[in-house]
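Chemist: Let's see this in three dimensions:
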Amino acid sequence: MKPTKPRRNSPSPFSSLSHLNQTKLKNLNILSFLCCFNLMLSESVFCHLTEDLLIRVLDKLDSDRKSFRLVCKEFLRVESTTRKTIRILRIEFLLNLLQKYQNIESLDLSVCPWIEDGAVSTLLNHWSSSWTLGIKRLILSRVTGLGYVGLEMLIKACPLLEAVDVSHCWGFGDREAAALSCGGKLKEINMDKCLGVTDIGLAKIAVGCSKLEKLSLKWCLEISDLGIDLLSKKCFDLNFLDVSYLKVTNESLRSIASLLKLEVFIMVGCYLVDDAGLQFLEKGCPLLKAIDVSRCNCVSPSGLLSVISGHEGLEQINAGHCLSELSAPLTNGLKNLKHLSVIRIDGVRVSDFILQIIGSNCKSLVELGLSKCIGVTNMGIMQVVGCCNLTTLDLTCCRFVTDAAISTIANSCPNLACLKLESCDMVTEIGLYQIGSSCLMLEELDLTDCSGVNDIALKYLSRCSKLVRLKLGLCTNISDIGLAHIACNCPKLTELDLYRCVRIGDDGLAALTTGCNKLAMLNLAYCNRITDAGLKCISNLGELSDFELRGLSNITSIGIKAVAVSCKRLANLDLKHCEKLDDTGFRALAFYSQNLLQINMSYCNVSDHVLWLLMSNLKRLQDAKLVYLVNVTIQGLELALISCCGRIKKVKLQRSLEFSISSEILETIHERGCKVRWD
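Modeler: Numbers count the residues shown, from 1 in each chain. Have a look, this model is predicted:
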C-alpha cells in the first residue's frame with residue numbers, strides 16, 4: 001500500500017499544540033489530584049488506609065516517588081520505609097539520609113565527591129555503624145580517591161554485602177583487591193578497568209570470596225592465565241565471567257571449561273585465544289547459555305562451531321567483528337540450538353543463502369545484529385525476518401537495504417521494539433510508512449545519516465506513540481514541521497538526537513518541549529538555526545540531564561542562563577565551540593547547575609575568575625574538557641585545577657600547555673585521583 005500524500009490544505013502540525021495542552025488539562029496527574037483532595041479535608045483520609053494499600057499505590061508510580069511523598073505524611077512514611085536503594089550526591093548528607101531511610105540495601109556513591117579513606121572512617125565512627133548492617137550492594141564506580149584502607153573498612157562494616165562495583169577505579173591494585181577479599185559473602189564483583197590488579201590480587205579474591213557468582217575483569221590488563229586458573233579452581237559457583245581484553249591464552253579457556261555452573265562467558269578482544277581454546281569449551285561448562293567472542297581475531301567458524309556442538313542450550317551468540325564470513329556448517333549447526341534467541345554477527349560477510357538458513361533454523365530468534373555486515377540485501381532480510389518474530393534488529397550501515405525490505409520487516413515483526421537503520425540511505429518515507437502503520441510497539445529507532453528521511457516520514461513514524469529513543473542525526477531533510485509531528489504523538493520520548501539537523505529551529509523546539517516533556521537526553525549539536533528563544537523553550541524540560549549544544553553559533557549567555565536556572569537535573573553539558581557565550585552564562589552555570597557531572601567548554605570565551613568560580617562551585621563535577629580557552633591564562637587554569645582537586649576525576653587540556661602548567665600541580669591532582677588527558 002502506497003503512502004497517501006498529505007492534502008495541501010491540511011492544518012499545520014503546530015495547530016495541534018493547543019489541543020495537546022487541553023488534553024493535559026483533562027488528564028490531571030493522579031498525584032496532584034490526591035494532594036488537592038487531601039487538602040480539602042480537615043483530617044487526612046489516607047491515615048485510614050492500611051500500609052499494604054499505600055504500598056500498592058506506591059508500586060504503581062515507579063519513578064515518581066518524590067511526588068508521592070509530598071502528598072501527605074502517610075505517603076512520606078511509606079516511601080521512607082520501603083525505599084531499598086539510594087544514590088548519594090553529597091557525602092555530608094549521607095548519615096541524615098540513612099537515618100531517614102533505614103531499610104537501604106543498595107548504596108551508590110559513584111557520583112559523590114570527596115570519597116576517600118578519611119571520609120569513610122568518619123562516616124563509620126561519627127554516629128553509628130549500624131547503617132551498614134543491611135547494605136547488600138555497594139556501587140563505588142569511578143571513586144578514584146578511595147584507597148585500600150577505606151575500602152577494607154567499608155567492606156568489613158557490611159556483613160550482608162553481596163555485590164560490589166569498583167569499575168573504572170583505575171588506580172586500584174592488589175591491595176584494593178585484598179580489601180575486597182574481606183567480603184566473604186560476596187557473590188558479585190565488577191572490577192572493569194582496575195588497571196593495577198594482577199594475578200596476586202585476583203588470587204586473594206578467589207580465596208576470600210569463594211561464593212562468587214558474577215565477576216567482571218574487563219580491561220584488567222595485568223591478569224594472566226595464572227590468575228584465571230586459580231579463580232577457576234576456587235570459585236565453583238561462577239555463572240558469569242567477563243575476561244574481555246585480557247592477555248589470556250588458550251590455557252585460560254582450559255581452566256574456565258571446568259566451571260560447571262558458568263552460564264555467561266564474555267571474552268571480547270582476547271586476541272591470543274584461537275580455535276584450540278574454544279575446543280576446550282566444547283566438553284566443558286555444561287550450563288553455558290551465552291558466549292561473546294566478538295573481536296577475537298584468531299577465532300574461526302570451526303572454533304565457534306565446536307562450542308555450539310557441545311551446548312544445545314545456548315541462547316545468545318555474539319561473534320561480531322571476529323569472523324570473516326559465516327560458513328555453511330556453522331549456520332547449519334544453529335538448527336540444534338532450539339532456544340537460541342540472540343545472534344550478533346556484526347561486520348561479517350553474509351549472503352542471502354546464509355540468512356535464509358539462519359531464518360529457517362532459528363525459529364526462536366528475537367534479536368539479530370547485522371551491523372556493518374557485507375552482502376546484506378533485500379532478499380536476505382526478507383528471508384530471515386519472514387521466519388521469526390524479531391523484537392530487535394540492527395542493520396547499521398547495510399546500505400543496500402531499501403523500502404522493500406523495510407516493508408517486509410514491518411509486516412513480519414509486529415512486536416519490533418528496536419530498529420537500527422543508521423546510514424541506510426535508500427530507506428525513504430515509503431518504507432517508514434509501513435513501520436509507522438505496523439510496528440506500534442517500537443521503542444527505539446535509529447535513522448542517523450538516512451538522507452531519505454523527511455518530514456513526511458516523521459509524520460508516519462509519529463504513529464509509533466511508544467517511542468522512547470529516536471536518533472535523527474545528519475537527517476538534513478527534516479524540519480520543524482516533522483519534529484512537531486513527533487512532539488504531538490510521542491509523549492514517552494526520553495532521548496532525541498538531532499545532530500546536524502540544520503533545518504531544525506526554535507519553532508521545532510517549542511513544539512518538542514510542549515509534547516515531549518519527559519526528554520532527558522537531547523543532542524542539538526550544530527543545529528545553527530537555534531537561538532536563545534529555542535533555549536528558553538528547552539528550559540521547560542524539567543527531566544533534562546544530558547544536553548549537547550556543540551557548535552551553536554547563535555546562542556548566547558541569555559539562553560544558557562535560562563537552561564541553567566530551570567533544568568535542575570542537568571548532569572552532562574557540551575558547549576564546545578559556542579563562541580558567543582561569555583562569563584555571564586558560565587557564572588549562571590556555576591550557581592544554578594549544581595548537579596553537573598561533565599562539562600565541555602573547549603573553545604569558549606571565559607575569564608580566569610569565572611573559570612575558577614565554575615570549577616570550585618560545581619561540587620559534583622567529575623569530568624571537564626578545557627581545551628583552547630583563549631581568555632584563560634596559565635595562572636587562571638592552575639587555580640581552577642587546584643579549586644576542584646580531590647573530587648574531579650578527568651580533565652582534558654591543551655597539549656601545548658603540558659610543560660607550562662606547574663608539574664607540582666599536575667602531580668597533586670593525579671595523586672588525588674584525577675586523570676589528565678592531553679588534546
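Chemist: Name the helix or strand for Ala457, please.
Modeler: Per DSSP states H and E, Ala457 falls inside helix 455-461.
Chemist: What segments of the stretch 551-679 of the chain are strands?
Modeler: 572-574, 598-600, 623-625, 650-653, 675-678 (DSSP state E, counting those that start in this stretch).
Chemist: can you give me the helices for the stretch 351-500 of the chain?
Modeler: In the stretch 351-500 of the chain, the segments counted as helices under DSSP state H, counting those that start in this stretch are 352-361, 378-385, 403-412, 429-438, 455-461, 480-489.
Chemist: State the pLDDT value of Tyr592.
Modeler: With respect to pLDDT, Tyr592 scores 97.
Chemist: What of Cys388?
Modeler: Looking at Cys388, its pLDDT is 84.
Chemist: swap in Gly196?
Modeler: 95.
Chemist: Would you point out the helix or strand in the protein whose mean pLDDT is lowest?
Modeler: helix 17-26 (a mean of 40; mean pLDDT, DSSP states H and E).
Chemist: Quick one: residues contacting Arg672.
Modeler: By Cβ atoms under 8 Å, 6 or more residues apart in numbering, the residues touching Arg672 are 145, 645-646. Glycine gets a C-beta too; all of them are placed from N, C-alpha and C.
Chemist: got the residues you listed as TSV, with neighbour count columns?
Modeler: Output for these, formatted as TSV (neighbours: other Cβ atoms under 10 Å):
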residue	neighbour count
Gly145	22
Cys645	17
Gly646	17
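Chemist: Out of these, name the ones that lie in helices.
Modeler: For the contacts of Arg672, not one is inside helices, with DSSP state H as the criterion.
Chemist: Domain-wise, how is this protein divided?
Modeler: Residue ranges for the domains of the chain, per the TED database: 63-238, 240-337, 572-678.
Chemist: Quick one: mean pLDDT for the shortest one?
Modeler: Spelled out, it's domain 240-337. The model assigns domain 240-337 a mean pLDDT of 95.
Chemist: Check the separation of the first and last residues in that domain.
Modeler: Counting by Cα to Cα, to the nearest Å, you get 20 Å between the two ends of domain 240-337.
Chemist: could you redo the domains of the chain as JSON lines and give each row distance to Gly386?
Modeler: As requested, the domains of the chain are exported to JSON lines (distance: least, Cβ to Cβ, whole Å):
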{"stretch": "domain 63-238", "distance to Gly386": "37"}
{"stretch": "domain 240-337", "distance to Gly386": "17"}
{"stretch": "domain 572-678", "distance to Gly386": "42"}
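Chemist: Out of those domains, flag the one nearest Asn477.
Modeler: domain 572-678 (24.4 Å; Cβ to Cβ).
Chemist: Now the terminal residues of that closest one, how far apart.
Modeler: End-to-end distance (Cα to Cα), domain 572-678: 20 Å.
Chemist: same thing with stretch 602-619?
Modeler: For stretch 602-619, the separation between the terminal residues is 20 Å (Cα to Cα).
Chemist: For that stretch, list every residue counted as buried.
Modeler: The neighbour-count check on stretch 602-619 (16 or more other Cβ atoms under 10 Å) flags 602-608, 610-615, 617-619 as buried.
Chemist: and what of stretch 664-675?
Modeler: By neighbour count with 16+ other Cβ under 10 Å, stretch 664-675 contains the buried residues 666, 669, 672-674.
Chemist: ok, now which ones touch Cys182?
Modeler: So Cys182 contacts 152, 155-156, 208 (Cβ under 8 Å, 6+ apart).
Chemist: So for it, what's the pLDDT?
Modeler: If you check Cys182, the pLDDT there is 95.
Chemist: cool, the one 4 residues further on as well?
Modeler: Leu186 carries a pLDDT score of 97 in this model.
Chemist: could you measure it against Leu98, distance?
Modeler: 21 Å (Cβ to Cβ, to the nearest Å).
Chemist: more crowded one of the two?
Modeler: Leu186 (25 against 21; other Cβ atoms under 10 Å).
Chemist: dump the residue contacts of that one.
Modeler: Counting by Cβ under 8 Å, 6+ apart, Leu186 has contacts 161-164, 180, 209, 211-212.
Chemist: any chance of those residues in a markdown table, with secondary structure too?
Modeler: Shown next, in a markdown table, are the contacts of Leu186 (DSSP: H, G, I helix; E, B strand; the rest coil):
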| residue | secondary structure |
| --- | --- |
| Leu161 | coil |
| Glu162 | coil |
| Ala163 | strand |
| Val164 | strand |
| Leu180 | helix |
| Cys209 | coil |
| Lys211 | coil |
| Leu212 | coil |
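Chemist: Which residue is the nearest non-sequential neighbour of Arg237?
Modeler: Small correction: residue 237 is Asp, not Arg. Glu213 (5.2 Å; Cβ to Cβ, 6 or more residues apart in numbering).
Chemist: If you could redo that for Leu253, that was the one I meant.
Modeler: Take Leu253 and drop its neighbours on the chain: the residue closest to it by Cβ to Cβ, 6+ apart is Gly277, 3.9 Å away.
Chemist: quick one: contacts for the one you found?
Modeler: Contacts of Gly277 by Cβ under 8 Å, 6+ apart are 249-250, 252-254, 303.
Chemist: Secondary structure, neighbour count and distance to Cys413 added to the residues you listed, as a markdown table?
Modeler: Formatted as a markdown table, the contacts of Gly277 follow (DSSP: H, G, I helix; E, B strand; the rest coil; neighbours: other Cβ atoms under 10 Å; distance: Cβ to Cβ, whole Å):
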| residue | secondary structure | neighbour count | distance to Cys413 |
| --- | --- | --- | --- |
| Thr249 | coil | 17 | 41 |
| Asn250 | helix | 18 | 40 |
| Ser252 | helix | 27 | 39 |
| Leu253 | helix | 26 | 36 |
| Arg254 | helix | 19 | 41 |
| Gly303 | helix | 24 | 31 |
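Chemist: Out of these, flag the one nearest to Ser110.
Modeler: Nearest to Ser110 among these, with distances taken as Cβ to Cβ, is Ser252, at 29.8 Å.
Chemist: so how far is Leu549 from the closest one?
Modeler: Applying Cβ to Cβ to Ser252 and Leu549 gives a distance of 46 Å.
Chemist: circling back to that earlier point, just send the strands of the stretch 551-679 of the chain back as JSON lines, with distance to Pro491 and mean pLDDT too.
Modeler: Converted to JSON lines, the strands of the stretch 551-679 of the chain look like this (distance: least, Cβ to Cβ, whole Å; pLDDT from 0 to 100):
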{"stretch": "strand 572-574", "distance to Pro491": "23", "mean pLDDT": "98"}
{"stretch": "strand 598-600", "distance to Pro491": "28", "mean pLDDT": "97"}
{"stretch": "strand 623-625", "distance to Pro491": "32", "mean pLDDT": "97"}
{"stretch": "strand 650-653", "distance to Pro491": "36", "mean pLDDT": "96"}
{"stretch": "strand 675-678", "distance to Pro491": "39", "mean pLDDT": "94"}
